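Colleague: could you work out the structure for the sequence below:
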Amino acid sequence: MVIQDQLTDVVQSSFGMLTDLCVSQLDQVSIPQLLSQLTKIVHAEEARVSEHDLADEDESVLEESVLKQPDAVLQMLTDTLDSLHAAYVNPAFVVQLFARMLHRLNARLFNFLLGTQAEGESASHQPIVSSHISPTWGRVLHRWIRTGICNWALTEGLGVAAECYLQRVSQVIFKRVTFFVRMFR
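Modeller: Next comes the predicted model:
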């Protein structure tokens, strides 16, 4: 019984350390790179719309912009999943790890949209940021969630986890974009 308890402790400890490592990688590298990339797409889309006086709803151009860029978050998730599969890690362990990472991704995107700082960021390191709630931001982020992360998750067998853990930010995007569209028509 003692060995079983020790093994349980080792597995729990390993899971905690791996989760911390993966979340740290998301927070410090992958998510900032993604947000920088999406910010460039938003600025380009806003310039394209205003320059050509186009309807702001051309999804094919937007989808192409989102999909043609390399994606740090998807690459990090893919690398992590490949490593876990190569090590024959228990699928339940994999699902739990990705649930934690997707939860963190959801929280960071949600906070980014609202202009609030992430946990652990002090006010001295980050300037005060206004919210990023706009129709263009909503469409770009929605497109990335749908064509990027959800499609990736479906092909990797993590579709339910992605839908579940990205639901909050998806709802905010939908509600706020709908509000802005109604308000400015």
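Colleague: how near is the closest residue to Leu18 other than its chain neighbours to Trp137?
Modeller: In space, Leu18 comes closest to Leu97 once its chain neighbours are excluded; the distance is 6.3 Å by C-beta to C-beta, 6 or more residues apart in numbering. In short, each C-beta sits where N, CA and C put it, glycine included. Leu97 sits 29 Å away from Trp137, going by C-beta to C-beta, to the nearest Å.
Colleague: quick one: which of those two has more around it?
Modeller: Trp137 (23 against 19; other C-beta atoms under 10 Å).
Colleague: pLDDT value on the most centrally placed residue in the chain, please?
Modeller: Central residue of the chain (C-alpha atoms, centre = their mean): Leu105, 4.3 Å from the mean position. On the pLDDT scale, Leu105 is placed at 94.
Colleague: need the contact list for it.
Modeller: Leu26, Ile31, Val73, Ile149, Tyr165, Leu166 (C-beta atoms under 8 Å, 6 or more residues apart in numbering).
Colleague: what ranges does this protein have for its strands?
Modeller: Ranges of strands in the chain, per DSSP state E: none exist.
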